[in-house]
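A.B. asks: My questions are about this predicted structure, shown below with the sequence.
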Amino acid sequence: MNTLAVPSGKTLVAPAAAPPPAPRRVDPRLYQIATLAGLLGYGVLALGLDVQPATAAVTLAGALVAQGAGAWATRGRFDPRSALISGLSLCLLLRTSSPGLAVVAAVLAVASKFVVRVRGKHVFNPTNIAIVTMLLLTSRVWVSPGQWGNAAVFAFLLAAAGGLVVNRAARADVTWTFLAAHAALALVRALWLGDPLAVPLHRLGNGALVLFAFFMISDPRSTPDSRAGRVLFAILVALGTHVVQFHLFQTNPLLWSLAACSLAVPSIDRLLPGRRYDWNAPGIGRAPERSLP
Amino acid sequence: MKGLVLGLVTLLVLAQAPRPASAFCGFYVGKADAKLFNQASQVVLVRHEERTVITMANDFRGDPREFALVVPVPTVLERGQIRVGDRALIERLDAYTAPRLVEYFDPDPCAPPRAVKLLAPGAAASMRRDQATERARSLGVTIEARYTVGEYDILILSARESAGLETWLRDNGYRLPPGASRVLGSYLKQGMKFFVARVNLAEQSQLGFTYLRPLQVAFESPKFVLPIRLGTVNADGPQELFVFTLTRGGRVEPTNYRTVRLPTGMELPAYVKEEFPNFYRAMFAEQVRREDMRAVFLEYAWDMSWCDPCAADPLSPGELRQLGVFWLPADGPGDRMRGPRPVDAFVTRLHVRYDATRFPDDLVFQETADRTSFQGRYVLRNVFRGEAGCEAGRRYRESLRTRAEREAATLASLTGWSIEDVRRRIGLGGGEPPEGSPWWRRLFGEPPRPGR
């Protein structure tokens, strides 16, 4: 065993032939927080989103306080990351002229994680369920899908996709399957109607769609555990979106469809089981190895 | 034969142009050589829950025999669901919501401060039926209904497929542009019916109107859509559309296009007063250019109960009811004399310049809960011309040049006009860049503006 003398006179022991420490992974949520915050800044400064600073502040505060309360009630550790993601997503998507309602939405989002669980797993994406519930409960909130525009999409897609590849690869399957299914449905519809390609391309180029695909439907905690389950889930959400948009003629078809399809996730997990997602070890959720016959 | 009755309508010229009235969702029929220049369309959309009332105004000035309007509608309309509206009310609504100019007079800098405020209102701006029905049926076209409403003959058509509908329309004197058939087919498959209107000359001469009055239709549908695609087929330039919505909740916005607020609240050189319409047109064109013609502009959003400043008197509940606001009571005797009263209606004025490339899809709207007041408003400040020999007066005079420079820069930036021209107009000297500008600008002069 080698010893090293250091000026302080203390002796350090160098471990011989110890395995190199595993490269420390940065939690994907930190990337997500940074991206969402960047998008919020871009939205407010460049796209003129109607986000009041006071409303944004109380939304974030509401989410953090709710997270703290939830942690205290469940004797858990306070972790602000997920609450910040929910708060930032609400700032990006939910519009209201009442800061009080923004706080209610933030609390609903975080509370859904603690309250609505099946076998210990979140049923809904917190932001999604908060927005849908608020839309059902009051006519004083709305979502402005048109405000994300179509021109900025390219830069957007790039940033979002980059973020995804680096950090959230473990859930890229659901994003890309959803986008592919959604695009296929839009193209088939255009072919059937005889519409020029410009019509479906305009719909697919919408910034709100990108935001949804990369930051909401890909939530590891509420998507099915197995890859097959997630592919099925993504296709279901795309189909539901189509129905809500072209048969029910409702605004925000993505949000309604995701909320409805989330109800099917516990069944999908039972049908196509996989390993539960862990933020500290992101994985695609392969089923636990079984002994071969 | 039927050609005689239908007015020998042979050619179709599409609605295309800027200014009030036309074929936002349909097209005009006319002789090609008549060079019909359609002005912008104006549409009033009243909506609460699924009940919708649409008023379509047009400023068609050609031969009425050459007028025809084809509009996709979500349901078959009964006779009672169609009426002729009052054009004056749309003009009132237009004036009430128009971007406006506000004028202030600087006070005597040597006197205790007291602002005088003056308002300059905004410048706004018989064929044999059996046979015909038989022929229609053989083409798969069903004439669902046929009405005469005011000076219009109206048909409600449904069809199995677009080829039959196209043949029927051609047989009946409409010359469709290439590409129209495709759009008709798309609407048919989406379950839409077609509302076809043209002028009944006998009725028109009896009624004595020299212009075409707006058409108003009422229906219930979950769709909150303004079909604009037919109007863009074959149009050889961008079209102009004003949409006025009247709702109970709040501002209306498109869900599939960006909404941008028109720049507002700027101080402008006083000479703009004489050319406010020019300023407005230039500014709108410049804003459209900056957004690459991909946005819908919000020009006004306000509770109909009041206005400040008022570009025109608010409409009375009875007048709003005539525009289709079905939840308001009709005016009682003397109601109009009583002046403005609270009314349960929120108005949104949207202005869009569009073409098929940038606006390939119909406008889909939603009502939001946003009741924030917004108006396009521009400010003129008239210089105090009195003596003002005091110290404050001296400082005031010194500040005027900076202010003039600032106003000139604002005007040039808003409209895309050359800053040199603007400076010349307000007597700041043409060629000389302002004192505060960077040294290189004083050396090289004003750079050319991009995109012009």
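C.D. replies: Received it, and whenever you're ready, just let me know what you need. Small disclaimer: the values here were computed from a predicted structure and weren't measured.

A.B. asks: switch to C-alpha atoms for all contacts and neighbour counts from now on
C.D. replies: Noted.

A.B. asks: Output the below-cut-off pLDDT ranges for the stretch 101-250 of chain A.
C.D. replies: A:151-169 (pLDDT under 70).

A.B. asks: And the strands in it, which stretches?
C.D. replies: For the stretch 101-250 of chain A, the strands defined by DSSP state E, counting those that start in this stretch cover A:117-118, A:121-122, A:141-143.

A.B. asks: Deepest in the core, which of these is it.
C.D. replies: strand A:141-143 (a mean of 22; mean count of other Cα atoms under 10 Å in any protein chain shown).

A.B. asks: Residue B:425 and chain A: what is the separation?
C.D. replies: Plainly put, residue B:425 is 33 Å away from chain A if you go by Cα to the nearest Cα, to the nearest Å.

A.B. asks: Let me know how buried that residue is, in neighbour terms.
C.D. replies: When neighbours are defined as other Cα atoms under 10 Å in any protein chain shown, residue B:425 has 14 of them.

A.B. asks: which residues sit in contact with it?
C.D. replies: Shown in contact with residue B:425 (Cα atoms under 8 Å, 6 or more residues apart in numbering or on different chains): residue B:271.

A.B. asks: swap in residue B:406?
C.D. replies: Applying Cα under 8 Å, 6+ apart, no residues qualify as near residue B:406.

A.B. asks: still on that earlier bit, can you list the strands of the stretch 101-250 of chain A in TSV and add distance to residue B:294?
C.D. replies: What follows is the strands of the stretch 101-250 of chain A, written out as TSV (distance: least, Cα to Cα, whole Å):
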stretch	distance to residue B:294
strand A:117-118	43
strand A:121-122	39
strand A:141-143	20
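
A.B. asks: Tell me where the longest helix sits in chain B.
C.D. replies: Assignment by DSSP state H gives helix B:391-415 as the longest helix of chain B.

A.B. asks: distance between that one and the chain's centre?
C.D. replies: Relative to the mean C-alpha coordinate of its chain, helix B:391-415 is positioned 34 Å out (Cα atoms, centre = their mean, to the nearest Å).

A.B. asks: Which of the strands of the stretch 101-250 of chain A sits closest to chain B?
C.D. replies: Among the strands of the stretch 101-250 of chain A, the nearest to chain B by Cα to the nearest Cα is strand A:141-143 (5.9 Å).

A.B. asks: so residue B:197 touches residue B:150, yeah?
C.D. replies: No: using Cα atoms under 8 Å, residue B:197 is not in contact with residue B:150; the gap is 11.2 Å.

A.B. asks: contacting residues around the residue nearest to residue B:331 when sequence neighbours are not counted?
C.D. replies: Distance criterion Cα to Cα, 6 or more residues apart in numbering or on different chains; nearest residue to residue B:331, sequence neighbours excluded, is residue B:318 at 4.3 Å. Residues near residue B:318 by Cα under 8 Å, 6+ apart: B:328-331.

A.B. asks: Report the two of those residues separated the most.
C.D. replies: B:328 and B:331 (9.1 Å; Cα to Cα).

A.B. asks: Overlap in contacts, those two.
C.D. replies: Common neighbours of residue B:328 and residue B:331 (Cα under 8 Å, 6+ apart) are B:317-318.

A.B. asks: Spatially central, which residue of the chain would that be?
C.D. replies: The chain I'm using is chain A. residue A:216 (3.1 Å; Cα atoms, centre = their mean).

A.B. asks: I'd guessed that residue sits against residue A:126; true?
C.D. replies: No: between residue A:216 and residue A:126 there is no contact under Cα under 8 Å: 9.1 Å.

A.B. asks: What separation is there between residue A:73 and chain B?
C.D. replies: For residue A:73, the distance to chain B (Cα to the nearest Cα) stands at 35 Å.

A.B. asks: What is the burial count for that residue?
C.D. replies: Neighbours around residue A:73, by other Cα under 10 Å: 10.

A.B. asks: what does residue B:295 give?
C.D. replies: 28.

A.B. asks: OK, contacts around it?
C.D. replies: Contacts of residue B:295 by Cα under 8 Å, 6+ apart are B:257-260, B:288, B:352.

A.B. asks: Now with 10 Å, please.
C.D. replies: Residue B:295 sits next to A:146-147, A:149-150, B:254, B:256-261, B:287-289, B:351-354, B:358-359 when contact means Cα atoms under 10 Å, 6 or more residues apart in numbering or on different chains.

A.B. asks: How about the residues of the stretch 151-293 of chain A by chain B?
C.D. replies: A:151, A:189-203, A:206, A:208, A:246-252 (Cα under 10 Å from any Cα of the partner chain).

A.B. asks: Where do the helices of the chain begin and end?
C.D. replies: You didn't say which chain, so I picked chain A. Assigned by DSSP H, the helices in chain A fall at A:28-45, A:53-73, A:80-93, A:99-115, A:126-137, A:153-167, A:172-193, A:198-204, A:207-215, A:227-246, A:253-262, A:265-271.

A.B. asks: right idea, wrong chain: chain B
C.D. replies: Ranges of helices in chain B, per DSSP H, are B:2-5, B:87-97, B:129-138, B:162-171, B:180-189, B:201-207, B:229-232, B:276-290, B:317-322, B:391-415, B:419-425, B:439-444.

A.B. asks: pLDDT value on residue B:7, please?
C.D. replies: Looking at residue B:7, its pLDDT reads 23.

A.B. asks: meant to ask about residue B:309, not that
C.D. replies: Confidence score, pLDDT, at residue B:309: 78.

A.B. asks: Look up how far residue B:206 lies from it.
C.D. replies: To residue B:206, residue B:309 is 41 Å away according to Cα to Cα, to the nearest Å.

A.B. asks: between those two, which one's more packed in?
C.D. replies: For residue B:309 versus residue B:206, neighbours defined as other Cα under 10 Å are more numerous around residue B:309 (17 against 10).

A.B. asks: Let me know whether that one touches residue B:377 as I believe.
C.D. replies: Yes: Residue B:309 lies in contact with residue B:377 (Cα atoms under 10 Å); the separation is 9.0 Å.

A.B. asks: and the strands of the stretch 101-250 of chain A as a markdown table, adding distance to chain B?
C.D. replies: Shown next, in a markdown table, are the strands of the stretch 101-250 of chain A (distance: least, Cα to the nearest Cα, whole Å):
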| stretch | distance to chain B |
| --- | --- |
| strand A:117-118 | 32 |
| strand A:121-122 | 30 |
| strand A:141-143 | 6 |
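
A.B. asks: Nearest to residue A:61 among the ones you listed would be which one?
C.D. replies: Smallest distance to residue A:61 across the strands of the stretch 101-250 of chain A (Cα to Cα): 18.9 Å, for strand A:141-143.

A.B. asks: Could you list every helix and strand that the closest one packs against?
C.D. replies: helix A:80-93, strand A:94-96, helix A:99-115, helix A:126-137, strand B:363-367 (3 or more Cα pairs under 10 Å, 6 or more residues apart in numbering or on different chains; DSSP states H and E).

A.B. asks: ok, the shortest one near chain B or not?
C.D. replies: Yes: judged by Cα under 10 Å from any Cα, strand A:94-96 and chain B are in contact via A:95-96.

A.B. asks: Counting by contacts, list what that strand packs against.
C.D. replies: Strand A:94-96 packs on helix A:99-115, helix A:126-137, strand A:141-143, going by 3+ Cα pairs under 10 Å, 6+ apart.
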